[in-house]
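**Student:** Next input, structure requested:
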Amino acid sequence: MNNSKSLENRVERIESLVAEGLTRKEIADKLGIKYTSFCIYLHLHPELPKPIKKSGRPQNLEKYNQIKKLIEEGLTRKEIADRLEMKYVTFCAYLSLHPELPKVKDKEYEKIKKLVDSGLSQNKISQIFEKSRQAINQYLNYHPELREIYDSQRKRK
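**Tutor:** Sure, this is the predicted structure:
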């Protein structure tokens, strides 16, 4: 019983540290264990939330929190990019660097999914949506399930 309480406390502590945005190394240090031990622990417990990678740490925490708030308010990618005076493609790139952020509400998802399912190229999809090919590529990267469908469609051709 004591072991399960200890494990429960450790899980809660890890969840709390991940929510703070700490890296694996920082969490291992806070727990007083070796980095490699912590990585093994994470591998053995896939149900635990994943800490951000070092390169994924937000450079501007104020902007990161502002984006998170707008996502939680239910704004679309375009609405958030416009509100923050960012290019759409820049905002999509930012999202792909921060997978720990909640998914953004998306009015275009079903439309793009139908086009991807039909086997259209990124160029055609970008023309239909009047967005750059790069923006469509970022969109597909942001939605791995669409990227997988798109890639499998391309392999068939």
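**Student:** Going by C-alpha atoms from here, please, whenever you check contacts or count neighbours.
**Tutor:** Noted.
**Student:** Tell me how many other residues crowd residue 140.
**Tutor:** Residue 140: 22 surrounding residues under other Cα atoms under 10 Å.
**Student:** What's the separation between the residue nearest to the spatial centre of the chain and residue 142?
**Tutor:** Nearest to the mean C-alpha position of the chain, by Cα atoms, centre = their mean, lies residue 99 at 1.6 Å. In this view, residue 99 and residue 142 are 8 Å apart by Cα to Cα, to the nearest Å.
**Student:** Also residue 48?
**Tutor:** 22 Å.
**Student:** more crowded one of these two?
**Tutor:** Legend: neighbour count by other Cα under 10 Å for residue 48 and residue 142, higher for residue 142 (19 against 15).
**Student:** and the residue nearest to that one when sequence neighbours are not counted, what element?
**Tutor:** Once flanking residues are discounted, residue 142 sits nearest to residue 96: 5.8 Å by Cα to Cα, 6 or more residues apart in numbering. In this structure, residue 96 sits in helix 88-97 according to DSSP states H and E.
**Student:** Now do that helix: distance to the chain's middle.
**Tutor:** 10 Å (Cα atoms, centre = their mean, to the nearest Å).
**Student:** and that helix, what's its mean pLDDT?
**Tutor:** In this model, helix 88-97 has a mean pLDDT of 79.
**Student:** Residues touching it, excluding its own?
**Tutor:** With contacts defined as Cα atoms under 8 Å, 6 or more residues apart in numbering, helix 88-97 is touched by 56, 77-78, 81-82, 101, 134-135, 138-139, 141-142.
**Student:** And the residues you listed, which two are furthest apart?
**Tutor:** Farthest-apart pair in the contacts of helix 88-97 is 56 and 82; separation 23.1 Å (Cα to Cα).
**Student:** And those two? Which one has more around it.
**Tutor:** A direct count of neighbours by other Cα under 10 Å for residue 56 and residue 82 places residue 56 higher, at 16 against 13.
**Student:** does residue 107 count as helix, strand or coil?
**Tutor:** coil (DSSP: H, G, I helix; E, B strand; the rest coil).
**Student:** what's the burial count for it?
**Tutor:** Residue 107 has 12 nearby residues by other Cα under 10 Å.
**Student:** Repeat that for the one 4 residues further on.
**Tutor:** Around residue 111 there are 12 other residues, counting by other Cα under 10 Å.
**Student:** cool, and residue 21?
**Tutor:** When neighbours are counted by other Cα under 10 Å, residue 21 registers 18.
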